[in-house]
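**Student:** need a structure here:
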Amino acid sequence: MKSRRCLIPADGFYEWQKRGKTKQPYCFEVEEGYLFAFAGIWDRWRNPTGDVIETCSILTTKANTLTSSIHDRMPVILKSDDFDLWLDPGMTDVSVISEFLKPYDPRLMRCYPVSNSVNRVANDDEQCSAPIEPAQVQDRLF
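**Tutor:** Next up, the predicted model:
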């Protein structure tokens, strides 16, 4: 985190809530679905065959009040005003950078249930993030 920070652009993310024996996916958006950025870190390394591999990871933090009913953590979402400092290679003070690793303001987010089509990697279209009415789960017969 000291020197290899990056931005990972997104327009939403998914988390799953266990409901009986199934899991219901939810889409989370920022500012009505606008593009935003996750706080990320990256690395470059060589695999055993000598190929250069570049990888990145999205940093997570504890859930805010919106995401906590679905999951106990969430990705770190950066405010656009913080992009430059996050990316500044001269900023090596981890205590300053760590201040960005907080839950995003839930008042600037929304979430809604989506279909299970998001569970399949082959599905990569607008239907994955289309709102649905979740099926009612019956936990017990009586």
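
**Student:** so what's the residue sitting nearest the centre point of the chain bridging to?
**Tutor:** Geometric centre of the chain, nearest residue: Pro75, 4.0 Å, by Cα atoms, centre = their mean. Note on Pro75: beta-bridge partners by DSSP bridges are Thr60.

**Student:** where exactly do the helices run in this protein?
**Tutor:** Taking DSSP state H, the helices of the chain run over residues 83-87, 94-97.

**Student:** now those in a markdown table, with mean neighbour count and distance to Met109?
**Tutor:** All C-beta atoms are positioned from the backbone trio N, CA, C, and that covers glycine. Below are the helices of the chain laid out as a markdown table (neighbours: other Cβ atoms under 10 Å; distance: least, Cβ to Cβ, whole Å):
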| stretch | mean neighbour count | distance to Met109 |
| --- | --- | --- |
| helix 83-87 | 14 | 18 |
| helix 94-97 | 11 | 23 |
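
**Student:** will you turn those helices into a markdown table that also has mean pLDDT and distance to Leu35?
**Tutor:** Formatted as a markdown table, the helices of the chain follow (pLDDT from 0 to 100; distance: least, Cβ to Cβ, whole Å):
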| stretch | mean pLDDT | distance to Leu35 |
| --- | --- | --- |
| helix 83-87 | 97 | 12 |
| helix 94-97 | 94 | 22 |
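
**Student:** now render those as CSV, adding distance to Pro131.
**Tutor:** Listed next are the helices of the chain as CSV, based on distance: least, Cβ to Cβ, whole Å:
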stretch, distance to Pro131
helix 83-87, 29
helix 94-97, 35
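
**Student:** show me the shaky parts of the chain.
**Tutor:** Applying pLDDT under 70 to the chain flags residues 135-142.

**Student:** which strand is the longest one in it?
**Tutor:** Scanning the chain for the longest strand, with DSSP state E as the assignment, gives strand 36-46.
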